[in-house]
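Enquirer: Sequence and predicted structure, then a few things I'm wondering about:
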Amino acid sequence: MENKVLRSCLLVLGAVLLLSATFLSGCAVGTILPNDVFQQITDITDSVDVVEPTPQATALPGETPVPTQVVQAETPEELEELFKPFWESWNLLHENYVDQPLDDLALMRGAIQGMLAATGDQHTSYMNPDQFAQANAEMGGEEYTGIGAWVNTSGEYIEIVSPMKYSPAEKAGLRAKDLVIAINGEDMTGIPGDLALQKILGPAGEAVTLTIRRGEEIMDITIVREKITVPAVDYQMLEGDIAYIALYTFNELATDQVRAALKELLAQNPKGLIFDLRNNGGGLLVTSIEIASEFISDGIVMYEEYGDGTRDSYRVQPGGMATEIPLVILINEGTASASEIVAGAIQDYGRGTLIGVTSYGKGSVQNWIPLRTEAGGVRITIARWLTPNGNQINEVGLTPDIEVPYTQEDVDADRDPQLDAAIEFFNQK
């Protein structure tokens, strides 16, 4: 009896998820503003051609690959038939598994996680209640307890997208693309990213030791957790009448803080502006459009392209404060998602010069949707974005106009050759 009730609940949950995905594919434009139900976030992540070819089966040399059949349940009866192997597996597990009793809540969450992972898209995923609350705290500029880094949990290991400015993660030396292969000596091979992340989080004041794979190098880094207030903006006037703004995230506070910084700096009549997007892991799409509009006077900021090939365009919002001042954008391997939207538009229009190294390469759009049962939330890729010139960014990134590396030797010597190159760019004019 209990299995039948649970089966009904899971079927309803499956239907809700399917309906949610269908609704999002047709109504994404109406969900770009963050609210209690929907948040559209370009994450560190995301792009390939949107109209993707049908997956093909492996063929022998000389043979023509046969397209893999796509099965879709279009009626309640077909859905029930489709789920028979699932329920058979559920019952066999409960009847035969050695360690009883099983945690049905964990099995249900694992089923959702597996379903979303089966899309093959690393940015379509399930977040348990704790993860969903933390993710929303980061986007809202609130406090949470941890090491202070944006991460990607969808791969074989947790990947550091970028450490937050002034965070324990940054102070300890974590870098973009670092892989966390062990936590406190425990091998993370085969451990789902969401579970591994819970081992990194913990009470403020306690240390966690991460074993990091950086290229061919493996190292242990111990970090003391703190209460993290997600930073947004730093700014100052540099020597030589050059304005400098560093933006660390595209959260709900970022637009107002960037505008306040621009107002104060532009009043001092600088000869140029450096906009630093290094190690900015992205954030809210609406914020990226607003901030890009401060630097571009007119035109398209980005295109959103859906699975059927149709596109929506996002235009510049008029009234930008810094549309004429000479501009340099600093980017690096931690510049991702919303940061790439802004930098890509500025580069396409020739509005500014990009200095640094190739950016992370995320070009897709996700909606974060809380489950109505308050059992966490799901993140679903609804579209892929293109720069104004129609360029894809995913797994490619933006190529700087002037390439300037930033090595570990520079870090150890407290040098910033990328910032120095930006200052020299203006001094030569």
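Expert: Arrived safely.
Enquirer: Now do the domain split for this structure, please.
Expert: Using automatic domain parsing, the domains assigned to the chain come out as 143-228, 231-427.
Enquirer: need these in TSV with mean pLDDT and mean neighbour count, can you?
Expert: C-beta: built from backbone N, CA, C; applies to glycine. Putting the domains of the chain into TSV (pLDDT from 0 to 100; neighbours: other CB atoms under 10 Å) gives the following:
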stretch	mean pLDDT	mean neighbour count
domain 143-228	90	18
domain 231-427	93	20
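Enquirer: quick one: the helices in the stretch 301-429 of the chain?
Expert: Counting by DSSP state H, counting those that start in this stretch, the stretch 301-429 of the chain has helices at residues 338-348, 408-412, 417-427.
Enquirer: Could you dump those helices into JSON lines with distance to L238 added?
Expert: Compiled in JSON lines, the helices of the stretch 301-429 of the chain are given as follows (distance: least, CB to CB, whole Å):
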{"stretch": "helix 338-348", "distance to L238": "20"}
{"stretch": "helix 408-412", "distance to L238": "18"}
{"stretch": "helix 417-427", "distance to L238": "7"}
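Enquirer: Out of those, the one nearest E156 is which?
Expert: With CB to CB as the measure, helix 338-348 is the member of those nearest E156 (23.8 Å).
Enquirer: what packs against that closest one?
Expert: helix 285-292, strand 300-305, strand 327-331, strand 353-356 (3 or more CB pairs under 8 Å, 6 or more residues apart in numbering; DSSP states H and E).
Enquirer: 6 Å instead?
Expert: helix 285-292, strand 327-331 (3 or more CB pairs under 6 Å, 6 or more residues apart in numbering; DSSP states H and E).
Enquirer: In JSON lines, list the domains of the chain along with distance to L116.
Expert: JSON lines is the format used below for the domains of the chain (distance: least, CB to CB, whole Å):
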{"stretch": "domain 143-228", "distance to L116": "10"}
{"stretch": "domain 231-427", "distance to L116": "6"}
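Enquirer: For V70, which of the ones you listed is the nearest?
Expert: Closest among the domains of the chain, using CB to CB: domain 231-427, at 12.9 Å.
Enquirer: about what we covered before: minimum distance to V71: which of the helices and strands packed on helix 338-348 has it?
Expert: Between the helices and strands packed on helix 338-348, helix 285-292 lies closest to V71; by CB to CB that is 32.5 Å.
Enquirer: Dump the closest one to CSV, restricted to CA.
Expert: Extracted in CSV, the C-alpha atoms of helix 285-292 (Å, rounded to 0.1, in the frame of the first residue of the first chain):
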residue,chain,number,x,y,z
LEU,A,285,20.5,37.3,-16.9
VAL,A,286,18.5,40.5,-16.3
THR,A,287,21.5,42.0,-14.4
SER,A,288,23.8,41.3,-17.3
ILE,A,289,21.5,43.1,-19.7
GLU,A,290,21.3,46.1,-17.3
ILE,A,291,25.0,46.3,-16.8
ALA,A,292,25.9,45.9,-20.5
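Enquirer: name the helices or strands packed onto it?
Expert: Short answer (3+ CB pairs under 6 Å, 6+ apart): helix 285-292 packs on helix 254-266, helix 338-348.
Enquirer: the inter-axis angle of the longest strand seen in the chain versus helix 285-292?
Expert: Ranked by residue count, the top strand of the chain under DSSP state E comes out as strand 377-386. For strand 377-386 against helix 285-292, the angle by axes from the mean of the first three to the mean of the last three CA atoms, to 10 degrees is 40 degrees.
Enquirer: looking at the helices of the stretch 301-429 of the chain, which is closest to V258?
Expert: helix 338-348 (10.3 Å).
Enquirer: roughly how far is that closest one from the heart of the chain?
Expert: Centre-to-centre, helix 338-348 and its host chain are 15 Å apart (CA atoms, centre = their mean, to the nearest Å).
Enquirer: before we move on, what about stretch 240-258?
Expert: 19 Å.
Enquirer: got the CA coordinates for that stretch in CSV?
Expert: The C-alpha trace of stretch 240-258 is given here as CSV (Å, rounded to 0.1, in the frame of the first residue of the first chain):
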residue,chain,number,x,y,z
GLY,A,240,46.9,58.6,-14.3
ASP,A,241,43.2,59.5,-14.1
ILE,A,242,42.0,56.0,-14.9
ALA,A,243,38.8,54.7,-13.3
TYR,A,244,38.6,51.1,-12.1
ILE,A,245,35.6,49.0,-11.3
ALA,A,246,35.7,45.3,-10.4
LEU,A,247,32.4,43.3,-10.6
TYR,A,248,32.5,39.9,-8.8
THR,A,249,28.9,38.6,-9.4
PHE,A,250,25.7,39.5,-11.3
ASN,A,251,23.4,39.2,-8.3
GLU,A,252,20.4,41.4,-7.4
LEU,A,253,22.6,44.1,-5.9
ALA,A,254,25.1,44.4,-8.8
THR,A,255,23.3,46.9,-11.1
ASP,A,256,22.7,49.5,-8.4
GLN,A,257,26.3,49.2,-7.1
VAL,A,258,27.8,49.5,-10.6
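Enquirer: quick one: contacts for V328?
Expert: Applying CB atoms under 6 Å, 6 or more residues apart in numbering, we find V328 in contact with I274, T353, I355, A422, F425.
Enquirer: Look up the residues forming beta bridges with it.
Expert: Judged by DSSP bridges, the bridge partners of V328 are I274, T353.
Enquirer: So it versus G281, what's the distance?
Expert: 21 Å (CB to CB, to the nearest Å).
Enquirer: Likewise for Q198?
Expert: From Q198 to G281 the distance is 20 Å (CB to CB).
Enquirer: for Q257, same thing?
Expert: 17 Å.
Enquirer: do G356 as well
Expert: From G356 to G281 the distance is 15 Å (CB to CB).
Enquirer: before we move on, what about K271?
Expert: Distance from K271 to G281, by CB to CB: 31 Å.
Enquirer: cool, and G390?
Expert: In terms of CB to CB, G390 sits 24 Å off from G281.
Enquirer: swap in M108?
Expert: 30 Å.
Enquirer: what do you get for E409?
Expert: 25 Å.
Enquirer: burial of D99, as a residue count?
Expert: Close neighbours of D99, defined as other CB atoms under 10 Å, add up to 5.
Enquirer: contacting residues for it?
Expert: Applying CB under 6 Å, 6+ apart, no residues qualify as near D99.
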